[in-house]
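Asker: What would the 3D arrangement of this be:
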Amino acid sequence: AEFQRGAGDVVRRGPDRPHAPSVCPFAQGVEYRVDDEAGYQFQWSADGGTVFTNGNAAATVDWNDSRSDAAIDVTITDNFGCIRSLQYPVRVNVQLIAEIPMGPDTLCLNKAEHVSYFTPHTNGSFYEWRISGGDIVSGQGGNEVFVRWEAGLNSLDLIETSTTTDTVCQGQSPQLNIFVFKDSSKATINTVSTDTSNFENIVISWSYAGRPVHSPIGLYKRGINADWEMVSTLSSENPVVDENNPTDESPFEYYATVTNSCDEVVNSSVHRTIHLQGLVGEESENILLEWTAYTGWSEGVEKYEVWRRLDESPGFRLLATLEGTSSQFTALATDGFNHEYAIRAVGGSAALMSWSNSIGFEFEHPVYIPNIITPNGDGKNEYFSIRNIQLYRNSLLVITDRWGKSVFVAQNYQNDWSGYGLSAGIYY
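Answerer: Numbering: from 1, shown residues only. Modelled structure (predicted):
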């Protein structure tokens, strides 16, 4: 019985290495092998040389003088008696046909330190490896070298020289071009900011540039003195909202991480939110605002803005603009009964903005009515000044004499009555 040659039926030269397409005249001990199977029998022959074998899947050949039509043959009989024959042509000549070096032709820079390249080995051959864009670490002269590459387009070839009994032959391989690159892919956090519609939510704007990745982009966060924890994977949703954070207690830090196509873990810079706190001054006349700096932008913060919402106003209004190094501001508490403040950091680009948490204050601001004025030109108590009266926009001030006659009436009084034209006395 005969059977067809299978896909795995390949004559090989040397253990786990392809055979050479040519050898030098009178080269000795050149090894060839085929895939072995239990119970199979192998019969080797060589046209142009002498075969040495033990009847197994490997044989060595001592080649004779030059000829272009030499060949190695093997007949394989399986354990059912079926027979197949394989032949591989070999060129015996002083001009060797050196094969192109075998090894990777595209590499990541972080994996280019100790890279193996080889060519089939022939007894008596010397291999001169030539390289551009790197260094041969070890193996020069042998059929396998280890190379350290630089980034860029590099090349490798070899000259095989074989010396037999009476002949020296040589051959130059084709050049193998090797591209070595550094994967600059990265995930970037652009901003982290509280959500002004719900200050417990933090909005993370991000971007990715580079080669496609095969693993998720991870988003990590931590509070002050806390451990990092993964909160999300970044895919198509942008921005991402991280909900229900106690932003009034501390700032929060975030970073993104990705494993690039070269298996390098690349982390973004860490971005930290602004944490705002406030302290009411004596007699509830002012509020000291203090905040932590926003961090994460490569060019830092250009300016901080103080925003405030008073009493029944529908939204925040800009109160002050400060330098990017600022961390304090004093606001007047007497501007309203209910105050709410937030800080906004602005980067070098108009698109870079981050809001802090918000803080609120409530004041009673009772009016204080003086019982004396002395409009005598000495600059003291010249006017009837009612402290906090400006906060009561619908106020009506009526002053009468001892007989109940009105001597002064004012709607939304502005602390500007001096008793002009009246004689000294008691008024109500």
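Asker: hey, let's count contacts and neighbours off CA atoms from now on
Answerer: Noted.
Asker: If you average the pLDDT over stretch 96-109, what comes out?
Answerer: Mean pLDDT, computed over stretch 96-109, is 93.
Asker: hey, C-alpha coordinates of it in CSV?
Answerer: The C-alpha trace of stretch 96-109 is given here as CSV (Å, rounded to 0.1, in the frame of the first residue of the first chain):
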residue,chain,number,x,y,z
LEU,A,96,26.7,28.3,-1.3
ILE,A,97,23.1,29.4,-1.2
ALA,A,98,22.9,30.9,2.3
GLU,A,99,19.4,31.3,3.6
ILE,A,100,18.0,34.5,4.9
PRO,A,101,18.4,34.7,8.7
MET,A,102,15.5,33.2,10.6
GLY,A,103,14.0,35.2,13.4
PRO,A,104,11.5,38.0,14.1
ASP,A,105,11.4,40.9,11.7
THR,A,106,9.2,43.2,13.8
LEU,A,107,10.0,43.8,17.5
CYS,A,108,9.0,46.0,20.4
LEU,A,109,11.9,47.9,21.8
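Asker: what's it in contact with?
Answerer: 20-24, 115-120, 149-151, 156-160, 169-183, 262 (Cα atoms under 8 Å, 6 or more residues apart in numbering).
Asker: Restricted to strands, list the residues you listed.
Answerer: Among those, the ones falling in strands (DSSP state E) are 22-23, 115-118, 149, 156-160, 169-172, 176-181.
Asker: List the contacts of the closest residue to residue 427 other than its chain neighbours.
Answerer: Of all residues beyond its chain neighbours, the one nearest residue 427 is residue 401 (4.7 Å), with distances taken as Cα to Cα, 6 or more residues apart in numbering. Residues in contact with residue 401 (Cα under 8 Å, 6+ apart) are 407, 426-428.
Asker: Tell me the spacing between the nearest residue to residue 300 once chain neighbours are set aside and residue 319.
Answerer: Among residues not flanking residue 300 along the chain, residue 347 sits closest, at 6.5 Å (Cα to Cα, 6+ apart). According to Cα to Cα, to the nearest Å, residue 347 and residue 319 sit 19 Å apart.
Asker: Tell me which of these two has more neighbours.
Answerer: residue 347 (21 against 12; other Cα atoms under 10 Å).
Asker: Which residues are in contact with that one?
Answerer: 297, 299-303, 353.
Asker: any idea how far residue 423 is from residue 398?
Answerer: Going from residue 398 to residue 423 by Cα to Cα gives 17 Å.
Asker: Of these two, which one has the most company?
Answerer: Higher neighbour count among residue 398 and residue 423: residue 398, with 14 against 7, using other Cα under 10 Å.
Asker: got any ranges where the stretch 251-400 of the chain has weak pLDDT?
Answerer: Along the stretch 251-400 of the chain, segments meeting pLDDT under 70 span 350.
Asker: err, the stretch 101-250 of the chain, not the other one
Answerer: 164-167.
Asker: got a list of what the closest residue to residue 386 other than its chain neighbours touches?
Answerer: The shortest distance from residue 386 to any non-neighbouring residue, by Cα to Cα, 6+ apart, is to residue 369 (5.0 Å). Neighbouring residues of residue 369 by Cα under 8 Å, 6+ apart: 385-387.
Asker: Out of the residues you listed, who's the most crowded?
Answerer: That'd be residue 385 among these, by other Cα under 10 Å, with 19 neighbours.
Asker: where's it, which helix or strand?
Answerer: Assigned by DSSP states H and E, residue 385 belongs to no helix or strand.
Asker: Roughly how far does it sit from residue 368?
Answerer: 9 Å.
Asker: And for residue 415?
Answerer: Counting by Cα to Cα, the gap from residue 415 to residue 368 is 12 Å.
Asker: More neighbours: which of the two?
Answerer: With neighbours defined as other Cα under 10 Å, residue 415 and residue 368 compare such that residue 415 has more, 15 against 11.
Asker: I'd like to know how far the spatially closest residue to the more buried one that is not a sequence neighbour sits from residue 186.
Answerer: Closest residue to residue 415 apart from its sequence neighbours, by Cα to Cα, 6+ apart: residue 385 at 4.7 Å. In this view, residue 385 and residue 186 are 64 Å apart by Cα to Cα.
Asker: Same check on residue 54?
Answerer: Distance from residue 54 to residue 186, by Cα to Cα: 58 Å.
Asker: Might one say that the residue nearest to residue 415 is in contact with residue 419?
Answerer: No. At 11.6 Å, residue 385 does not count as touching residue 419 under the criterion of Cα atoms under 8 Å.
Asker: So what's the residue count around residue 281?
Answerer: Neighbour tally, residue 281, other Cα under 10 Å: 14.
Asker: For it, which residues are in contact?
Answerer: Counting by Cα under 8 Å, 6+ apart, residue 281 has contacts 287-288.
Asker: go on, the one 4 residues further on?
Answerer: Applying Cα under 8 Å, 6+ apart to residue 285 gives the contacts 332-334.
Asker: can you tell me which of those residues are in strands?
Answerer: Short answer: the contacts of residue 285 in strands (DSSP E) are residue 332.
Asker: By neighbours, which of the contacts of residue 285 wins?
Answerer: residue 333 (21 neighbours).
Asker: how near is that one to residue 413?
Answerer: Distance from residue 333 to residue 413, by Cα to Cα: 20 Å.
Asker: same thing with residue 73?
Answerer: 117 Å.
Asker: ranges for the strands of the stretch 251-400 of the chain?
Answerer: Secondary structure of the stretch 251-400 of the chain (DSSP state E, counting those that start in this stretch): strands located at 252-259, 265-267, 271-272, 276-280, 286-291, 303-310, 317-323, 328-332, 338-346, 353-355, 359-362, 396-400.
Asker: Would you mind putting the ones you listed into a markdown table with distance to residue 141 alongside?
Answerer: Formatted as a markdown table, the strands of the stretch 251-400 of the chain follow (distance: least, Cα to Cα, whole Å):
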| stretch | distance to residue 141 |
| --- | --- |
| strand 252-259 | 38 |
| strand 265-267 | 37 |
| strand 271-272 | 54 |
| strand 276-280 | 69 |
| strand 286-291 | 68 |
| strand 303-310 | 65 |
| strand 317-323 | 67 |
| strand 328-332 | 71 |
| strand 338-346 | 63 |
| strand 353-355 | 62 |
| strand 359-362 | 75 |
| strand 396-400 | 106 |
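Asker: three-state assignment of residue 127?
Answerer: State at residue 127, reduced to three classes by DSSP: H, G, I helix; E, B strand; the rest coil: strand.
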